[in-house]
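> output the structure for:
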Amino acid sequence: MTTRRVSLAGLRPTPLALAVALPACLLGAQGAFAQDSELQELRDRIEQLESKLGTGTAPEPQAENNYLLKDGTGIRIGDTTVTIGGFIKADVLAGSNGNGWKNGYSVGLPRSLAAAARDGESDWKTGFSARESRISIGTNTSDVAGHDLKTYVEMDFNQGASADGNEVVSNSYAPRLRQAYGAWNNWLFGQTYTTFTDLAAMPEILDQGKQAAFIFLRQPMLRYTLAAPGGKLMLALENPEDGFGTESYDDQSYPDLVARYQIRNELGIYSVAGVVRSIEDDAADDTVTTGAVSLSARIPTVGRDDLRLQYSYGDLGRYMGLFTYPDVDRAALANGEVEPLKTFGATAAYRHFWSPNWRSSLSVSHTEIVDDLTGTTPPFGTLSYFDASTSVHVNLLWSPHKKLTLGVEYAHWNFAEIAGDGDEQYEQVMASAKLAF
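Got it, this is the predicted structure:
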């Protein structure tokens with residue numbers, strides 16, 4: 001049996017207790033001291049009144065009680081804090097050349113926009129979508145072998161055009177995995193954004209990731225992060241792949257080796273990253289070791305404004321622009337040779353705050369094939385008709401609260417033809433409402 005000692009020295013009466021007790025004391029001032037029984041009765045009445053009004057202090061939970069507790073950052077279950085997050089994103093998009101977000105994610109890729117620009121005259125179509133909505137679950141468990149253990153799982157519904165689901169009746173789409181990883185003692189295991197991606201430099205646009213040249217890719221990996229002068233150094237072994245679009249060669253022998261050194265201070269966030277890849281083809285019995293580099297920065301300017309920059313060069317392949325170009329010259333591959341395809345990409349974006357709640361971003365992105373392509377007729381080893389593309393995005397966003405953002409955006413794309421001096425254009429206008437939880 002536990003004996004509980006209560007000290008009255010630190011007790012402070014509540015305002016309600018004072019309001020009730022003070023008149024009683026004044027009325028009883030005829031006597032020098034109240035009887036013990038009368039005081040106890042008064043205490044009992046005060047406690048009953050506080051209980052009815054809900055003004056009393058809630059009892060502290062016992063440490064051994066294993067039930068849900070709110071701790072300000074999530075829901076605590078034992079030693080683990082669980083956080084549920086995500087957002088509902090409702091979009092409407094009008095696209096030129098007969099593209100209005102038909103069914104799936106892949107119709108919004110640069111290659112499909114280029115095909116729309118090439119194959120049709122200006123014929124605006126409109127589509128609505130909530131498929132980019134996300135739900136995430138994160139956990140943080142304290143003192144797992146001396147370190148915090150964190151996990152994170154994130155899903156959305158942005159499937160490919162060939163996946164089940166349609167807009168005729170139900171607009172139903174199954175969840176797809178975006179991220180799933182655990183982090184412990186500077187190690188990260190699982191799937192998240194490649195170490196080659198610098199999310200700090202990503203422009204804030206409504207049609208996120210749909211730019212000509214930005215490095216934007218998620219994949220499984222094993223990553224270790226360590227402190228470095230002025231910032232941190234990340235080293236990772238990541239999933240290798242040298243397919244193109246929905247075509248996967250699945251013949252890689254070695255993982256992609258990726259490194260990023262990031263400096264973060266009051267002058268901004270600056271990064272340099274590199275990737276070393278082994279590109280091979282079993283049918284051609286050929287293997288090539290190649291790689292690419294990327295520089296990025298997020299620079300504060302005036303007030304809350306900032307400038308975001310990225311430049312990448314090398315055998316970028318699937319890493320850049322949502323696999324705008326293949327990893328290899330496909331015409332050469334058909335002849336039994338593995339020839340990596342060198343490209344470069346540059347993105348610049350400026351974000352300006354008109355007021356605390358209103359802001360705009362202007363983003364310009366360009367990518368181009370550097371190597372001469374094999375072949376004399378289309379597709380010139382690329383499965384596309386263009387060897388350069390440029391995208392421009394400009395928007396106006398309103399956030400009356402950190403959980404709510406409404407915005408409109410205009411985007412213009414230009415695709416340069418491989419075999420000549422001509423080019424084609426694609427345009428889109430988009431409005432979006434993002435409600436986070």
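> what segments of this structure are helices?
15-27, 36-53, 110-119, 330-334 (DSSP state H).
> going by mean pLDDT, which of those helices comes out lowest?
Across these, helix 15-27 has the smallest mean pLDDT, namely a mean of 44.
> where does the chain have low pLDDT?
1-72, 98-108, 119-122, 160-166, 243-251, 373-385, 419-420 (pLDDT under 70).
> now with 80, please.
1-73, 97-122, 159-171, 242-251, 281-285, 323, 330-336, 371-385, 417-422 (pLDDT under 80).
> domains in it, by residue range?
Annotated domains of the chain cover 15-53, 69-436 [automatic domain parsing].
> pipe those into a markdown table and attach mean neighbour count per row.
Heads up, the C-betas are built off the backbone N, CA and C, glycines and all. Putting the domains of the chain into a markdown table (neighbours: other CB atoms under 10 Å) gives the following:
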| stretch | mean neighbour count |
| --- | --- |
| domain 15-53 | 12 |
| domain 69-436 | 17 |
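> okay, Asp91 and Met234: tell me how far apart.
Taking CB to CB, to the nearest Å as the measure, Asp91 falls 32 Å from Met234.
> mind listing what the nearest residue to Lys89 once chain neighbours are set aside touches?
Counting by CB to CB, 6 or more residues apart in numbering, Lys89 lies nearest to Glu132, which is 4.5 Å off, once chain neighbours are set aside. For Glu132, the contact set (CB atoms under 8 Å, 6 or more residues apart in numbering) comprises 89, 91, 156-158, 208.
> of these, which belong to strands?
89, 91, 156 (DSSP state E).
> which of those residues lies closest to Thr390?
Nearest to Thr390, judged by CB to CB, of the ones in strands among the contacts of Glu132 is Asp91 at 23.1 Å.
> OK, contacts around that closest one?
Counting by CB under 8 Å, 6+ apart, Asp91 has contacts 101, 128-130, 132, 206, 430-432.
> one more: Leu267?
299-300 are the contacts of Leu267 under CB under 8 Å, 6+ apart.
> what distance do you get for it to Ser361?
Leu267 sits 21 Å away from Ser361, going by CB to CB.
> could you do Ile418 as well?
31 Å.
> torsion angles phi and psi at the residue nearest to Lys89?
Torsion angles at Glu132 (phi, psi; degrees, to the nearest 10) stand at phi -80, psi 0.
> how much space separates it from Val92?
Separation of Glu132 from Val92 (CB to CB) stands at 12 Å.
> could you do Gln208 as well?
In terms of CB to CB, Gln208 sits 16 Å off from Val92.
> circling back: biggest separation within the contacts of Glu132, which pair?
Phe157 and Gln208 (14.9 Å).
> stretch 191-201 spans what distance, first to last residue?
Criterion CA to CA, to the nearest Å; first-to-last residue distance in stretch 191-201 is 20 Å.
> so Val429 touches Leu93, yeah?
Yes: if you go by CB atoms under 8 Å, Val429 and Leu93 touch, sitting 7.2 Å apart.
> residue contacts, Asp306?
Contacts of Asp306 by CB under 8 Å, 6+ apart are 268, 298-300, 350-351.
> CSV for those, including distance to Ile369?
Formatted as CSV, the contacts of Asp306 follow (distance: CB to CB, whole Å):
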residue, distance to Ile369
Gly268, 31
Arg298, 28
Ile299, 29
Pro300, 34
Tyr350, 27
Arg351, 30
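> quick one, what contacts Gly138?
Gly138 touches 74, 82-83, 85, 150-153, counting by CB under 8 Å, 6+ apart.
> now the strands for the stretch 151-300 of the chain?
Ranges of strands in the stretch 151-300 of the chain, per DSSP state E, counting those that start in this stretch, are 176-184, 187-193, 218-228, 231-238, 256-265, 268-281, 286-300.
> tell me what Arg134 is bridged to.
Phe87 (DSSP bridges).
> so it touches Asp156, yeah?
Yes: counting by CB under 8 Å, Asp156 is a contact partner of Arg134 at 4.6 Å.
> so the residue nearest to Lys89 versus Gly422, what's the distance?
Taken as CB to CB, the span from Glu132 to Gly422 is 33 Å.
> next: Ala349.
28 Å.
> try Gln159
Taken as CB to CB, the span from Gln159 to Gly422 is 34 Å.
> then Gly86?
44 Å.
> likewise Tyr254?
Distance from Tyr254 to Gly422, by CB to CB: 41 Å.
> for Glu427, which non-adjacent residue is spatially closest?
That would be Ser96: by CB to CB, 6+ apart, it lies 4.5 Å from Glu427.
> oh, that last question was meant for Ile135, not what I typed.
Gly86 (4.0 Å).
> circling back to that earlier point, residues shared between the contacts of Arg134 and Asp156?
Arg178.
> and the strands of the stretch 151-300 of the chain: which comes nearest His401?
Closest to His401 of those is strand 286-300 (CB to CB; 23.5 Å).
> in CSV, list the C-alpha atoms belonging to the closest one.
The C-alpha coordinates for strand 286-300 follow below in CSV (Å, rounded to 0.1, in the frame of the first residue of the first chain):
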residue,chain,number,x,y,z
ASP,A,286,28.3,-4.2,-72.2
THR,A,287,28.9,-2.2,-69.0
VAL,A,288,29.8,1.5,-68.6
THR,A,289,30.7,3.3,-65.3
THR,A,290,29.6,6.9,-65.5
GLY,A,291,28.1,9.7,-63.3
ALA,A,292,26.9,13.3,-62.9
VAL,A,293,27.3,16.3,-60.6
SER,A,294,24.8,18.9,-59.3
LEU,A,295,25.2,22.3,-57.6
SER,A,296,22.3,23.9,-55.8
ALA,A,297,21.6,26.9,-53.5
ARG,A,298,18.8,28.6,-51.6
ILE,A,299,19.8,32.2,-51.0
PRO,A,300,17.9,34.7,-48.8
